[in-house]
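**Student:** my questions concern the predicted model and sequence given below.
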Amino acid sequence: MKTFLSFAIASSLTVLISPCVFANAAAQGEGLVTLGGEVIDSACGLELVSADQTIEMPPEPIGRLLRSAIGEPHPFQLRLVNCSLTRPDPSRPDVNLPDWQHLQVTFDGARDRDGRSFAAFGGSQGVALHIWDAAGQESIPGEPMPLLPLAEGDMTLHYTLRLVGNGLPLMPGAHGAAVRFKLEYF
């Protein structure tokens, strides 16, 4: 089974896009779409390589999945750069808001295993995808992971992705998934 997993960052942390659609009925087949946005506060930048990742997992033998009910670990990282704990108040020059202290990551995507894992789509059957952080905390789709302390400078967040059984009979084939992540600062 060959697995492809794509990660994409949710853009709501650094840029919030609020679509406003205006259509002009003067000519059929023509229209105008206007997008407005807002830059919001963020403690860190995300390294471009971390923003959109594709993780190619080598084929996983069905026998191994049957014996251990979990696939081989596949590490991946989110690299935060230029983190600054100081928060200037945009409405009052020379005044700071309380410093940033924590970071929280939320992974989201199609769900499997009663909402506990990420669904795999494609020709295979019987597997889902699951994410753990470096401390062994499980990521539940759509639920924020535990708070992490925020540090000045650069930070690397380490995660592991593995195939897990989802209770259906195993069938070989290629599969993939798309997982979004969101970073929130407190």
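**Tutor:** Happy to help now that I have it.
**Student:** contacts and neighbour counts: CA atoms only from here.
**Tutor:** Noted.
**Student:** quickly note the distance from the nearest residue to G122 once chain neighbours are set aside to A51.
**Tutor:** If the residues on either side of it in the chain are set aside, G122 comes closest to H175, at 4.2 Å by Cα to Cα, 6 or more residues apart in numbering. Applying Cα to Cα, to the nearest Å, the value for H175 to A51 is 22 Å.
**Student:** quick one, helices of the chain?
**Tutor:** Using DSSP state H, the helices found in the chain span residues 48-51, 62-68.
**Student:** out of those, which comes closest to D94?
**Tutor:** helix 48-51 (31.2 Å; Cα to Cα).
**Student:** same for the closest one, what does it pack against?
**Tutor:** Under the contact definition 3 or more Cα pairs under 8 Å, 6 or more residues apart in numbering; DSSP states H and E, helix 48-51 sits against strand 3-9, strand 74-83.
**Student:** weakest of the ones you listed in terms of mean pLDDT?
**Tutor:** Ranked on mean pLDDT, the bottom entry among the helices and strands packed on helix 48-51 is strand 3-9, at a mean of 45.
**Student:** ok, M145 to W100 distance?
**Tutor:** Using Cα to Cα, M145 is found at 17 Å from W100.
**Student:** ok, now which ones touch the closest residue to L103 other than its chain neighbours?
**Tutor:** Computed as Cα to Cα, 6+ apart, the closest residue to L103 that is not its neighbour in sequence is Y185, at 4.6 Å. Y185 is in contact with S42, A43, W100, Q101, H102, L103, Q104, counting by Cα atoms under 8 Å, 6 or more residues apart in numbering.
**Student:** any chance of a markdown table for those, columns pLDDT?
**Tutor:** Compiled in a markdown table, those are given as follows (pLDDT from 0 to 100):
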| residue | pLDDT |
| --- | --- |
| S42 | 85 |
| A43 | 92 |
| W100 | 95 |
| Q101 | 97 |
| H102 | 97 |
| L103 | 96 |
| Q104 | 96 |
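**Student:** out of those residues, who's the most crowded?
**Tutor:** A43 (26 neighbours; other Cα atoms under 10 Å).
**Student:** could you find the closest non-adjacent residue to P141?
**Tutor:** D108 (4.5 Å).
**Student:** tell me, how many residues neighbour that neighbour?
**Tutor:** Using other Cα under 10 Å: D108 sits among 22 other residues.
**Student:** my guess is it contacts A177, does it?
**Tutor:** No: the criterion here is Cα atoms under 8 Å, and D108 misses it with A177 at 10.9 Å.
**Student:** any stretches of this protein with poor pLDDT?
**Tutor:** Scanning the chain for pLDDT under 70 picks out 1-40.
**Student:** and L157, how close does it get to N96?
**Tutor:** L157 is 27 Å from N96, by Cα to Cα.
**Student:** got it, and F181?
**Tutor:** 29 Å.
**Student:** who has more neighbours out of these two?
**Tutor:** The residue with more neighbours, out of F181 and N96, is F181; 19 against 12, by other Cα under 10 Å.
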